[in-house]
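> coords below, sequence missing:
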């Protein structure tokens with residue numbers, strides 16, 4: 001009989017593979033046999049590594065993950081949009097786990113186009129987040145944007161802004177990441193610590209100034225804010241103009257010098273996510289709510305299918321489920337050489 005195999009994380013930072021019963025579905029959800037899941041180094045690996053280095057005591061195992069793709073095995077009551085055998089992309093913390101079987105609310109799942117692989121589909125959650133960042137920022141065609149922090153989410157934000165007609169420069173202190181962005185075709189890069197990102201950005205905008213800055217990393221962002229301030233547009237009376245988007249866990253002291261800046265914290269995939277009544281129930285009327293988490297996710301699958309969003313270029317490691325413990329123990333020691341890490345479940 002098939003069993004659920006799930007990767008769990010302990011407080012010490014150690015990850016292990018455990019077995020359990022196939023989860024039961026409930027009304028408004030689907031049981032998915034997962035083929036691939038995506039690990040984001042920024043929100044997942046970084047935390048494990050810090051805890052591992054601190055040698056924190058063991059704790060109860062905790063399943064994790066929020067982005068995967070697979071095939072529908074069962075559908076719950078009140079699910080009419082999906083059927084057994086459908087290839088789907090899934091998302092949602094606590095649902096789209098790093099496991100070979102997961103139960104996911106139906107509105108957090110969308111069909112995969114025939115030419116989109118499960119590995120590509122697993123990028124849906126972060127891709128939809130990047131789309132939502134762009135929507136909330138209301139950027140315009142031909143504007144200048146800087147994306148600070150080129151992890152998986154930052155790379156996807158840069159791709160989306162560039163696809164939407166913005167000119168994008170990416171900043172990161174890790175040369176591997178700026179090289180990755182350069183490889184897929186970002187307009188410009190600045191490697192912090194090796195180059196003067198302020199000077200490069202001013203030249204990039206022809207000294208017109210940035211319209212948008214996206215802070216796509218977690219932690220203390222005061223230094224990034226100080227440098228971004230020197231790159232934004234300035235009105236004739238000296239007030240800085242533009243918007244700062246914060247999709248991650250960055251924090252900073254609010255400087256008085258950004259009096260006319262719009263600061264927007266935007267950490268979700270679109271409307272509906274974390275609204276359990278929506279996730280398991282009825283969709284919002286499209287005439288009222290055109291862009292929800294689900295429609296953003298569908299859009300991302302279409303963009304991947306049409307070759308406009310090249311998520312595959314971000315994958316640096318593919319790991320079979322059975323080797324997850326040993327392989328992650330190795331690569332977690334070298335976070336500066338990884339971006340998208342894909343778990344492969346299909347052999348189980």
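Sure, I can see it. Keep in mind that this is a model prediction, so the values were computed, not measured.

> number of nearby residues for residue 281?
Around residue 281 there are 14 other residues, counting by other CB atoms under 10 Å. Just so you know, the C-beta spots here come from the backbone N, C-alpha and C atoms, and that holds for glycine as well.

> close enough to count as contact, it and residue 76?
No: using CB atoms under 8 Å, residue 281 is not in contact with residue 76, being 11.5 Å away.

> Please pull out the lowest mean pLDDT helix or strand from the protein.
helix 46-54 (a mean of 51; mean pLDDT, DSSP states H and E).

> Are there residues contacting both of residue 281 and residue 76? Which ones?
The contact sets of residue 281 and residue 76 overlap at residue 28 (CB atoms under 8 Å, 6 or more residues apart in numbering).

> so who does the nearest residue to residue 314 once chain neighbours are set aside touch?
Leaving aside its chain neighbours, residue 314 sits nearest to residue 340 (4.3 Å; criterion: CB to CB, 6 or more residues apart in numbering). Neighbouring residues of residue 340 by CB under 8 Å, 6+ apart: 38, 39, 40, 123, 152, 311, 314, 315, 316, 317.

> so who does the third one touch?
Residues in contact with residue 40, defined by CB under 8 Å, 6+ apart, are 67, 126, 151, 152, 153, 340.

> what's around the fourth one, how many residues?
Read it as residue 152. With other CB under 10 Å as criterion, residue 152 counts 30.

> that older thread, I'd like the next helix or strand past the least confident helix or strand of the chain.
strand 62-63 (DSSP states H and E).

> Specify the next element, helix or strand, located C-terminal of that next one.
strand 67-75.

> Show me what residue 67 is bridged to.
Assessed by DSSP bridges, residue 67 has beta-bridge partners residue 91.

> can you tell me how far it sits from residue 103?
According to CB to CB, to the nearest Å, residue 67 stands 15 Å off from residue 103.

> quick one, helices of the stretch 201-348 of the chain?
Listed in chain order, the helices of the stretch 201-348 of the chain (DSSP state H, counting those that start in this stretch) span 222-229, 276-280, 293-305, 324-331.

> Out of these, the one nearest residue 162 is which?
Residue 162 lies closest, by CB to CB, to one member of the helices of the stretch 201-348 of the chain: helix 293-305, at 12.3 Å.

> buried ones in the closest one?
Buried positions in helix 293-305, judged by neighbour count with 16 or more other CB atoms under 10 Å: 293, 294, 295, 296, 297, 298, 299, 300, 301, 303, 304.

> And residue 182, which helix or strand is it part of?
helix 175-184.

> Identify each buried residue in that helix, please.
Quick answer for helix 175-184 (16+ other CB under 10 Å): 176, 177, 178, 180, 181.

> Tell me where the model's unsure across this protein.
For the chain, the stretches with pLDDT under 70 are 1, 10-13, 45-61, 346-348.

> Spell out for me which residue occupies the centre of it.
By CA atoms, centre = their mean, the chain has its centre lying nearest to residue 126, at 2.4 Å.

> helices or strands up against the helix or strand hosting that one?
Assigning secondary structure by DSSP H and E places residue 126 in helix 124-137. Judged by 3 or more CB pairs under 8 Å, 6 or more residues apart in numbering; DSSP states H and E, helix 124-137 is in contact with strand 67-75, strand 87-91, helix 152-163, strand 212-215, strand 240-246, helix 293-305.

> okay, the angle between it and strand 87-91?
Angle of helix 124-137 versus strand 87-91, following axes from the mean of the first three to the mean of the last three CA atoms, to 10 degrees, is 60 degrees.

> just to revisit the earlier point, which members of the contacts of residue 40 are the farthest-apart pair?
Greatest spatial distance among the contacts of residue 40 (CB to CB): 67 and 151, at 13.9 Å.

> circling back to that earlier point, just the buried residues of helix 293-305 now: which is nearest residue 159?
Nearest to residue 159 among these is residue 303, at 9.1 Å by CB to CB.

> which ones are touching the spatially closest residue to that closest one that is not a sequence neighbour?
By the measure of CB to CB, 6+ apart, the closest residue to residue 303 outside its immediate chain neighbours is residue 309, 3.9 Å from it. Residue 309 sits next to 127, 156, 159, 160, 163, 300, 303 when contact means CB under 8 Å, 6+ apart.

> now residue 309: how far from residue 130?
Using CB to CB, residue 309 is found at 9 Å from residue 130.

> got it, and residue 202?
Taken as CB to CB, the span from residue 202 to residue 130 is 25 Å.

> What is the distance between stretch 155-167 and the centre of its chain?
Relative to the chain's own centre, stretch 155-167 is displaced by 14 Å; criterion: CA atoms, centre = their mean, to the nearest Å.

> An error on my part: the question was meant for stretch 232-241.
From the chain centre to the centre of stretch 232-241 is a distance of 32 Å (CA atoms, centre = their mean).

> Kindly report the same for stretch 295-314.
13 Å.

> Distance check, the residue lying closest to residue 259 once chain neighbours are set aside against residue 271.
Closest residue in space to residue 259, ignoring its immediate chain neighbours: residue 239 at 5.4 Å, by CB to CB, 6+ apart. Plainly put, residue 239 is 32 Å away from residue 271 if you go by CB to CB.

> and the two? which has more neighbours close in?
Each of residue 239 and residue 271 has its neighbours counted (other CB under 10 Å); residue 271 has more, 18 against 14.
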